[in-house]
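Undergrad: I'd like to go over a predicted model; first the sequence, then the structure.
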Amino acid sequence: MQETIEMNKLKSIETTEQKSSIQEFSDIEKGGQQKLQRRSKPMQPSTTNDTSMSQCEQPLLSGKGKNYDAYAHEDTDLFPEGGFEAWTVVLGSCFGLMTVFGIMQTISSIQLYIQSNQLKDVKISSISWVFSVYMFCNLSMGIISGPLFDCYGVKKVLVPGMVLNCGGLFACAYSTELWHFILSFGFAAGIGSGMMLNPLLAVISHWFLKKRGLAMGVSQMGSFSGIVFPIMLRSLYPKLGYSKTMIILASICAGLCVLSLAMVKDRNVHIADSETKEKSFWRNMRDMLDIAYFKDKTFTLATAALFFNEFSILLVITYISTYALVRGMSESSSYILLTVLNSAALVGKIVPNVIGDYIGRFNVMIIILLLMMISIFAIWLPYYNTAGLFIFAVLYGFGFGGSYSLTATVIAQISHTKKFASRFATSYFIVAFGNLISMPLGSQFINKQTVANYNRMIIFAGAACIASVVFLVWARFMIVGLTIKKFV
């Protein structure tokens with residue numbers, strides 16, 4: 001009997017120990033799950049498609065001052081951050097952007113020729129609509145190319161964009177009337193370029209996070225074509241005429257597009273969550289232009305800064321050549337001035353991005369905008385001789401190149417990777433209206449082509465640059481407050 005009681009006690013003790021062990025293991029397992037949930041919580045997308053901000057963006061806005069963590073909202077293990085395949089994608093993006101940025105930076109050369117030849121009897125304010133429509137289409141098409149990119153990947157978006165872009169340039173070669181140029185260059189080439197721009201930038205964010213600024217900067221070395229194209233046009237116009245010159249330009253762009261298409265590759269399978277994969281194109285398109293993003297004050301302020309920055313830049317890079325002619329420079333020198341501007345912009349698209357990866361993209365962008373503002377008021381306006389114009393071209397070119405390349409990383413800095421294409425498209429849909437009205441408004445100052453009128457246009461462009469600085473500094477304050485030494 002005694003032995004039976006002792007045996008029962010032993011069994012009871014063993015059972016208790018087993019239960020305790022099981023409970024302990026369960027607690028450990030639950031704890032691990034809780035840690036995993038806490039770690040992955042920022043990556044969970046919002047299940048709403050309404051007015052609320054997604055959970056994955058909360059860390060960007062809640063970590064103020066010294067508590068701000070630039071990568072808290074991302075799973076850093078998802079990004080290769082390099083390797084042969086990743087850098088091949090960057091090179092492919094670079095080839096595609098040679099077409100986009102090359103034509104964008106050649107606008108002044110094309111305008112200078114057609115307003116003196118095919119459209120010599122048309123007002124400058126009317127001619128400006130050709131290039132305003134082009135820039136508007138270029139930047140606003142993200143609301144379509146973005147959801148197409150999310151649903152179908154990068155290549156299925158690039159093909160129609162490249163066909164439209166190159167087709168528009170070929171048609172522009174045979175244009176003789178204002179409406180010809182608006183349809184061929186403004187709409188066809190503009191829409192095609194816009195279909196290319198967003199995917200070529202967004203695809204890089206699939207491969208890089210911490211080195212995203214460097215990768216974006218390397219891809220935007222494609223703006224090197226902005227140096228080559230104006231020189232080529234200046235050389236070929238008198239030898240071959242306008243039509244043959246534009247056909248050569250369109251053919252080069254077509255070749256670059258083919259190379260780009262062969263190299264770029266998205267990682268939608270790895271980046272997109274289950275909710276994104278299940279969305280239809282129309283659902284993605286509806287979400288692409290999401291006004292709820294403007295409830296995020298930082299996003300709103302950053303968009304306002306980009307609006308005024310692009311507004312100012314388009315005035316400067318379009319009219320600097322004609323301003324040089326009014327100041328007495330030869331047509332050849334005015335083309336060289338534009339080449340210097342674009343050469344400085346090429347350097348500006350690399351250096352600030354590299355620095356931004358170390359000290360913060362917002363920080364560098366603010367410095368760049370200040371440089372542009374100072375160069376307008378302290379150099380261009382008072383020192384209008386040849387030396388002054390070339391110094392201005394170097395400083396402003398470096399600045400505008402840096403601001404263009406940092407734009408995507410600034411939006412990415414306050415966006416989750418899965419939301420980047422959507423937030424970038426929403427932001428640039430608003431910015432596009434600045435490009436649409438910039439040149440027509442600016443051209444109202446210079447219809448009479450006098451120095452005094454151009455000076456008013458310069459002050460107008462400078463005022464827009466000041467507004468850009470104010471809004472971006474304000475946006476930075478919303479993230480980290482008055483903290484100066486902080487990566488943001």
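TA: Yep, that arrived.
Undergrad: any idea how far residue 427 is from residue 312?
TA: Counting by CB to CB, to the nearest Å, the gap from residue 427 to residue 312 is 17 Å. Any C-beta I mention is one placed from the backbone N, CA and C, and that applies to glycine too.
Undergrad: what do you get for residue 332?
TA: Per CB to CB, residue 332 is found 27 Å from residue 312.
Undergrad: out of those two, which sits in the busier spot?
TA: Counted by other CB atoms under 10 Å, residue 332 and residue 312 do not tie: residue 312 has more neighbours, with 29 against 9.
Undergrad: most centrally placed residue in the chain?
TA: Nearest to the mean C-alpha position of the chain, counting by CA atoms, centre = their mean, stands residue 408 at 3.7 Å.
Undergrad: next structured bit after the host helix or strand of that residue?
TA: Secondary structure from DSSP states H and E places residue 408 in helix 386-413. Next along the chain after helix 386-413, taking DSSP H and E as the criterion, comes helix 417-443.
Undergrad: buried residues in the next helix or strand after that next one?
TA: Once the chain leaves helix 417-443, the next helix or strand it forms, by DSSP H and E, is helix 451-480. The neighbour-count check on helix 451-480 (16 or more other CB atoms under 10 Å) flags 454-455, 457-458, 460-469, 471-472, 474-476, 478-480 as buried.
Undergrad: now the angle between helix 417-443 and helix 451-480, please.
TA: Helix 451-480 and helix 417-443 meet at an angle of 160 degrees, taking axes from the mean of the first three to the mean of the last three CA atoms, to 10 degrees as the criterion.
Undergrad: not counting sequence-adjacent ones, nearest residue to residue 218?
TA: Among residues not flanking residue 218 along the chain, residue 90 sits closest, at 5.4 Å (CB to CB, 6 or more residues apart in numbering).
Undergrad: list the residues that contact that neighbour.
TA: Counting by CB atoms under 8 Å, 6 or more residues apart in numbering, residue 90 touches 204, 207, 215, 218-219.
Undergrad: from residue 152, how far off is it?
TA: From residue 90 to residue 152 the distance is 21 Å (CB to CB).
Undergrad: check residue 349 too.
TA: 29 Å.
Undergrad: which of the two has more residues huddled nearby?
TA: Higher neighbour count among residue 349 and residue 152: residue 349, with 29 against 14, using other CB under 10 Å.
Undergrad: show me the contacts for that one.
TA: Residue 349 makes contact with 217, 220-221, 223, 401-402, 404-405, according to CB under 8 Å, 6+ apart.
Undergrad: rerun at 6 Å
TA: Counting by CB atoms under 6 Å, 6 or more residues apart in numbering, residue 349 touches 217, 220, 223, 401, 405.
Undergrad: for residue 386, which non-adjacent residue is closest in space?
TA: Nearest residue to residue 386 in three dimensions, chain neighbours excluded: residue 329, at 6.4 Å (CB to CB, 6+ apart).
Undergrad: name the element the one you found belongs to?
TA: In the assignment (DSSP H and E), residue 329 maps to no helix and no strand.
Undergrad: any idea how far it lies from residue 393?
TA: From residue 329 over to residue 393 the distance is 12 Å, taken as CB to CB.
Undergrad: where does pLDDT dip in the chain?
TA: Residues of the chain meeting the criterion pLDDT under 70: 1-81, 267-288, 485.
Undergrad: pull out the buried positions in stretch 113-132.
TA: 113-115, 118-119, 124-125, 127-132.
Undergrad: and residue 382, how many neighbours?
TA: Residue 382, neighbours per other CB under 10 Å, totals 8.
Undergrad: tell me the SS of it?
TA: Here residue 382 is coil, with the state taken from DSSP: H, G, I helix; E, B strand; the rest coil.
Undergrad: what is the burial count for the nearest residue to it once chain neighbours are set aside?
TA: Residue nearest to residue 382 in three dimensions, not counting chain neighbours: residue 388, with 7.8 Å by CB to CB, 6+ apart. Neighbourhood size, residue 388 [other CB under 10 Å]: 15.
Undergrad: ok, now how distant is residue 388 from residue 309?
TA: Relative to residue 309, residue 388 is positioned 23 Å away (CB to CB).
Undergrad: same check, this time on residue 227
TA: Residue 227 sits 22 Å away from residue 309, going by CB to CB.
Undergrad: which of these two has more residues huddled nearby?
TA: residue 309 (28 against 21).
Undergrad: backbone phi and psi for the more buried one, please?
TA: Backbone geometry at residue 309, expressed as degrees, to the nearest 10, gives phi -70, psi -50.
Undergrad: ok, residue 296 next?
TA: When read as degrees, to the nearest 10, the backbone of residue 296 gives phi -80, psi 110.
Undergrad: can I get stretch 125-144 as CSV, trimmed to CA atoms?
TA: This file holds the C-alpha atoms of stretch 125-144, laid out as CSV (Å, rounded to 0.1, in the frame of the first residue of the first chain):
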residue,chain,number,x,y,z
SER,A,125,3.7,82.2,-74.8
SER,A,126,1.9,80.0,-77.3
ILE,A,127,5.0,78.0,-78.2
SER,A,128,5.6,77.4,-74.5
TRP,A,129,2.4,75.2,-74.3
VAL,A,130,4.2,72.5,-76.4
PHE,A,131,6.8,72.0,-73.7
SER,A,132,4.4,72.6,-70.8
VAL,A,133,2.1,69.8,-72.1
TYR,A,134,5.2,67.6,-72.5
MET,A,135,6.3,68.1,-68.9
PHE,A,136,2.8,67.8,-67.5
CYS,A,137,2.3,64.4,-69.3
ASN,A,138,5.8,63.3,-68.3
LEU,A,139,5.1,63.8,-64.6
SER,A,140,1.4,63.1,-64.3
MET,A,141,1.4,59.7,-66.0
GLY,A,142,2.6,58.1,-62.8
ILE,A,143,-1.0,57.6,-61.7
ILE,A,144,-1.3,55.1,-64.6
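Undergrad: what does that stretch rub up against?
TA: 107, 115, 119, 181-182, 185-186, 190-191, 193-195, 198, 288-289, 425, 428-429, 431-432, 435-436, 439-440, 443, 447.
Undergrad: and stretch 311-328, by the same measure?
TA: For stretch 311-328, the external contacting residues (CB under 6 Å, 6+ apart) are 107-108, 112, 334, 337-338, 384, 400, 434-435, 438, 442, 449, 454, 461, 464-465.
Undergrad: among the residues you listed, the buried ones, what's the ChimeraX command?
TA: Buried members of the contacts of stretch 311-328, defined by 16+ other CB under 10 Å, are picked up in ChimeraX with:
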select :107,108,112,334,337,338,384,400,434,435,438,442,454,461,464,465
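Undergrad: phi first, then psi, for residue 381.
TA: As for residue 381, its main-chain torsions (degrees, to the nearest 10) stand at phi -70, psi -50.
Undergrad: please name the nearest non-neighbouring residue to residue 456.
TA: The nearest residue in space to residue 456 (CB to CB, 6+ apart) is residue 445, at 4.7 Å.
Undergrad: please name the residues that touch the one you found.
TA: 453, 456-457.
Undergrad: please apply the same query to residue 464.
TA: Residue 464 sits next to 308, 311-312 when contact means CB under 6 Å, 6+ apart.
Undergrad: of these, just say which sits nearest to residue 361.
TA: Residue 361 has its nearest neighbour among the contacts of residue 464 in residue 308, at 18.1 Å by CB to CB.
Undergrad: just give me the neighbour total for the closest one.
TA: Neighbour count for residue 308, taken as other CB under 10 Å: 23.
Undergrad: could you do residue 171 as well?
TA: Per other CB under 10 Å, the neighbour tally for residue 171 reads 18.
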